[in-house]
Every structure is written in C-alpha cells, then in structure tokens.
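# Pasting a predicted model and its sequence here:
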Amino acid sequence: MLNITQNKISKSREVYNLPSYSKVLQLKFSSRFVRWLYVLLVLITIFMFCPWTQNIESEGFVTTLKPEHRPQTIHTTIPGRIEKWYVAEGLKVKKGDTIAFISEIKEEYFDHNLLKRTQEQVKAKEQSIGSYQSKVNALNNQVDALNQTMGMKLEQNKNKIQQAHLKIKIDSADYEASVANYTIAQQQFKRYEELLQKGIISQTEFEQRKLKLQETQAKKISSESKLLTSRNECINAVIELNSVRAEYNDKLMKAESDKFSALSDMFDTEAAVAKLQNQYANYENRTAFYFITAPQDGFITKALTTGIGETIKEGTPIVSIMPADYELAVEWYVSPIDLPLLHIGVKVRFIFDGWPSLVFSGWPGLSYGTYGGKIVAIDNVTNDKGKYRVLVAPDKNDHKWPVQLRPGGGVIGFALLQDVPLWFEMWRKLNGFPPKFYENNLQTINHANK
C-alpha cells in the first residue's frame, strides 16, 4: 500500500475479518520482535566484554594470627590430688592467678619438712668439703716439710761424701808416705845387715834398725787400713745419700697419695653436694607446681577436670583458656588445583557468619558487607581432607574486622586474582579450567582491554 489517502482501512472493523490483513499484521509484530532481539544480543555482546575479576571461593574459620593467642589447655606438671579450685568457667584471670591447688600422692614427697632436711644434708656435705680441704692443706704442708727436710738431709750427706773424699786424699798421702818410709827402712836394714856381717856395727845397732823397720811397716799397714776405712766411709756416705733420697721419696709419695685420696674424697663430696643441691632445687620447684596458675591473661572457657579429691596424672588437662588479647586471622582451606595460583600478599575478601553481605564475586567493588585480608602463610602439605591451609591476616588498608568476631566462627573467602572479560570467565567455567590457566593469553587480553 502506498498510504496516499488519509482514510485508513485499519479503522474499519470489517478488515480484521479478512485473512490477508491478519497475515500482514502478524508480520509487522514479528519484525518488532526481531528488532528487540537484535538489541538484546548487542547488549549481551557488550556485557560479555565487561571486566570480571577472577576469584577462588572456599571456606574456613576464624583463628588468631599468633600461636600464643589461640585457645589452649592448661596441664598439670606433676601427678597429684585436687584439693581446691580458685576459678569458675567464664571467669577472667590474669597471668599468674591461681587456678587450682593439688597435693602430693607419691610417698617419697609426703614429708612436710623435706626441703629443710634436704637443706641440712647439703650443709653437712658442704662441711665435709671443708674438712677435706683442711686435710689437703695439711698434706700440702707435710709435703713441703718433707721436701725441705729431704733437701737438708741430702745436703748433709753430700757434705759427708765430700769430707770422705778429702779424708781419702789425706789417708792416701799418709799411706804413700808410710810406703816410702817402709821402703827406705828396708834398704837401711839391708845395709845394716851387711855392716853387721862385716863387723862394722854391733848387734844392738842392728836390732834397733830392725825395730825401726818393723815400726815403719806397722805405720804402713796402719795408714793402709786408714785409707781403706776412709774409702769405706765414702761408700757408706754415698749409700746413705741414696737411702735418704729413697726414704724421703717414699714419704713424699705416701703424703702425695694421701693428698690425692683426700682430693678424690673432696671431689666426691662436691659431686654429692651438687646432686643434693639439684635435688633440693627439684623439690623446691615441685612445691611451686602444687599451684596451677594461668600462663597469660584470658578467660576460663571450660573445666576439663572437675571435683575435689580426684587423682590426676602428670600432663592431665585441667582447664581450657582463651587469651584476652589476640589478633584475629582466618584459616582458609583451598583445593590443590587452586593452590599454585596463591602466594603471600594476595588479597582475599571474607564473609563472616552473622554479618549479612551482598556479594558479587566478580565485581568486588559492588559487594557489601565483606572484609579484606592478605595471605601471610601457606602450608606445604594438605590436611586430612585433602586441602591446603592458608593463613590470612586482616588488610590494614581495608575496613577493620568486626570486634565481635571470635575464634572458631565460620568464614567464606574469595581470593581476588586477575581481571578478565566476562566471556573468558564463562568459557573457563564451561571447560573446567582453573583461573589464570592460560597466563600468557590473559596478559594479552588485559593489555587489549586497557
């Protein structure tokens, strides 16, 4: 139709009954639907190129950043019997406050004066050390005296030996002189004997000469005897010198042996004193373990052992305590397929139990009620459920975490990775690839989007 006239046939009610007009009108409605469909496809195409932040979603729970800030149990150091409780569940305690008192159950510690008696033993042994030290000092003085006496005796015997040598020289000279006189007397006797035979001298003069010969012979024998005696005296002096040296060496060795025996006894006593002192210190420290005290400020959460008069072993948990001051963190558990994508410093968004949130994982800027954190540690082994533990601390540049949070609360976390087009994320999801599977391609896509 050319639509030349202003009279529209569509205003006539009879036209609607014509089959041809109904077909023309249906085609007009179909063309409008196609146009809207094209517009929708264009919008979807544009939407597919919108940026999307890749993320890893997993669950965890609230914990503390430092190990000493986490809930702990207090154990007994020694076995005993519970005598009195000083706390109740939910009570706040300070470091050093007494939680419970236990008494001894071992018979070797039943003596109430055990520390006093052990201290007396220590003092007695220390006095024994003083006695041994006095004995050692006395033996040292004895050794010094023996050394001095031996020196004097040896010097005296050396003088005797020297005197004996000098006497030997004198007696040797006397003996030589007596031998010479005897030789002369013999020669004179022979001449007198010849003169007697010739009748020149009388018998009396000859007998006098013979008497003189006998006197010189007697002097010779006497001087020879003196010489031999002097030599024997010199030998005896040497023997006496060696005897004195041996005698005093024996006395010195005995004194030294007594001294070392005393030193050995003193050292044994010192070892016994050290052992007793160690035993005394153990007893003293053991008495301190009768009072079970709080290791730090906190709250008593639960009594693990109850009652009065109950016997407990060493290492038995008594109560659990939650530290008063702590710095929160999150233990986040991720699958092994996602672990290579995480590293220290990666930002994570959290949804805590009890805090309503409106979350768009791919558009974190539009999310509401989430809190930021940064990864500070990653385990190298999986837990019993086959997941890796990731420790996340609060992000100081983000909103502070709620003060009402307590360790043990549930958490859902989103690790924010790389920005990619929405179509790429949908393609990755359909193929089951992990985020950033094609790292080089993603870098190219990001560069193109910029």
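Yep, that arrived.

# what about the stretch 301-450 of the chain, any weak spots by pLDDT?
The model of the stretch 301-450 of the chain has pLDDT under 70 over residues 354-369, 416-420, 422, 425, 428-429, 431-450.

# Do a quick rundown of the strands in it.
For the stretch 301-450 of the chain, the strands defined by DSSP state E, counting those that start in this stretch occupy 311-312, 317-323, 328-334, 347-352, 371-382, 388-394, 410-421.

# Report the rounded mean pLDDT for the longest strand seen in the chain.
Criterion DSSP state E: the longest strand present in the chain is strand 51-64. Across strand 51-64, the average pLDDT comes to 80.

# Also stretch 203-222?
Across stretch 203-222, pLDDT averages out at 80.

# likewise stretch 290-298?
90.

# quick one: pLDDT of the residue lying farthest from the centre of the chain?
Going by Cα atoms, centre = their mean, the residue of the chain most distant from its centre is residue 199, 123.4 Å out. At residue 199, the pLDDT value in this model is 74.

# Distance check, residue 81 against residue 100.
Relative to residue 100, residue 81 is positioned 11 Å away (Cβ to Cβ, to the nearest Å). Heads up, the C-betas are built off the backbone N, CA and C, glycines and all.

# Looking at the two now, which is surrounded by more residues?
Per other Cβ atoms under 10 Å, whichever of residue 81 and residue 100 has more neighbours is residue 100, with 23 against 14.

# Which residue ranges of the protein form helices?
Along the chain, counting by DSSP state H, helices occupy 19-48, 114-198, 203-288, 422-431, 439-449.

# okay, those helices in TSV with mean neighbour count and distance to residue 300 next?
What follows is the helices of the chain, written out as TSV (neighbours: other Cβ atoms under 10 Å; distance: least, Cβ to Cβ, whole Å):
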stretch	mean neighbour count	distance to residue 300
helix 19-48	10	57
helix 114-198	15	31
helix 203-288	15	21
helix 422-431	14	49
helix 439-449	12	52
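
# got TSV for these, with distance to residue 404 too?
Shown next, in TSV, are the helices of the chain (distance: least, Cβ to Cβ, whole Å):
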stretch	distance to residue 404
helix 19-48	39
helix 114-198	50
helix 203-288	38
helix 422-431	35
helix 439-449	39
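
# With residue 383 as the reference, name the closest of the ones you listed.
helix 422-431 (26.6 Å; Cβ to Cβ).

# Pop the domain breakdown of this protein in here.
1-48, 51-68+326-449, 73-102+291-323, 114-288 (automatic domain parsing).

# do you know which of these lies nearest residue 108?
Across the domains of the chain, the minimum distance to residue 108, taken as Cβ to Cβ, is reached by domain 114-288, at 8.6 Å.

# May I have the distance across that closest one, first residue to last?
One end of domain 114-288 sits 14 Å from the other (Cα to Cα, to the nearest Å).

# Give the buried residues for stretch 67-84.
69, 71-72, 74-76, 78, 80, 82 (16 or more other Cβ atoms under 10 Å).

# Which members of the residues you listed are the farthest-apart pair?
Among the buried residues of stretch 67-84, 69 and 80 lie farthest apart (Cβ to Cβ), at 29.2 Å.

# TSV for the domains of the chain, including distance to residue 108?
Below are those laid out as TSV (distance: least, Cβ to Cβ, whole Å):
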stretch	distance to residue 108
domain 1-48	82
domain 51-68+326-449	35
domain 73-102+291-323	12
domain 114-288	9
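
# ok, residue 301 to residue 284 distance?
For residue 301 relative to residue 284 (Cβ to Cβ), the value is 32 Å.

# so what's residue 378 up against?
Residues counted as contacts of residue 378 (Cβ atoms under 8 Å, 6 or more residues apart in numbering) are 339, 342-344, 388-391.

# Neighbour-wise, which one of the residues you listed leads?
Going by other Cβ under 10 Å, residue 390 tops the contacts of residue 378 with 26 neighbours.

# tell me which of the buried residues of stretch 67-84 is nearest to residue 195?
residue 78 (126.2 Å).

# Now that closest one. Nearest residue, chain neighbours left out?
residue 289 (4.9 Å; Cβ to Cβ, 6 or more residues apart in numbering).

# contacting residues around the one you found?
Residue 289 makes contacts with 76-78, as judged by Cβ under 8 Å, 6+ apart.

# hang on, the earlier thing: among the strands of the stretch 301-450 of the chain, which is nearest residue 180?
Smallest distance to residue 180 across the strands of the stretch 301-450 of the chain (Cβ to Cβ): 114.2 Å, for strand 311-312.

# Spell out which strands sit alongside that closest one in the sheet and which way each one runs.
Taking DSSP bridges as the criterion, strand 311-312 forms sheet pairs with strand 80-85 (antiparallel).

# residues in contact with the strand it pairs with?
Outside strand 80-85, the residues that reach it (Cβ under 8 Å, 6+ apart) are 99-105, 290, 303, 305, 307-312.

# mind redoing it with 6 Å?
Applying Cβ atoms under 6 Å, 6 or more residues apart in numbering, the contact partners of strand 80-85 are 100-103, 105, 308, 310-311.

# repeat for stretch 178-195
Outside stretch 178-195, the residues touching it (Cβ under 6 Å, 6+ apart) are 201, 206, 209, 212-213, 216-217, 219-220, 223.

# Would you format those as CSV with distance to residue 61 included?
Shown next, in CSV, are those (distance: Cβ to Cβ, whole Å):
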residue, distance to residue 61
201, 152
206, 149
209, 144
212, 140
213, 138
216, 134
217, 132
219, 129
220, 128
223, 123
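
# for residue 104, phi and psi?
phi -80, psi 150 (degrees, to the nearest 10).

# quick one: pLDDT of it?
Residue 104 is given a pLDDT of 89.

# Figure out the length between the terminal residues of stretch 61-81.
End to end - Cα to Cα - stretch 61-81 spans 38 Å.

# Centre of the chain to that stretch, how far?
With Cα atoms, centre = their mean, to the nearest Å as the basis, stretch 61-81 stands 22 Å off its chain's centre.

# coming back round to it: residue 402: which of the helices of the chain is closest?
Nearest to residue 402 among these is helix 422-431; the distance by Cβ to Cβ comes to 30.8 Å.

# Might you report the residue contacts of the residue nearest to residue 174 when sequence neighbours are not counted?
Once flanking residues are discounted, residue 174 sits nearest to residue 223: 4.4 Å by Cβ to Cβ, 6+ apart. Residue 223 makes contact with 174-175, 178, according to Cβ under 6 Å, 6+ apart.

# Right, I'll call it a day here.
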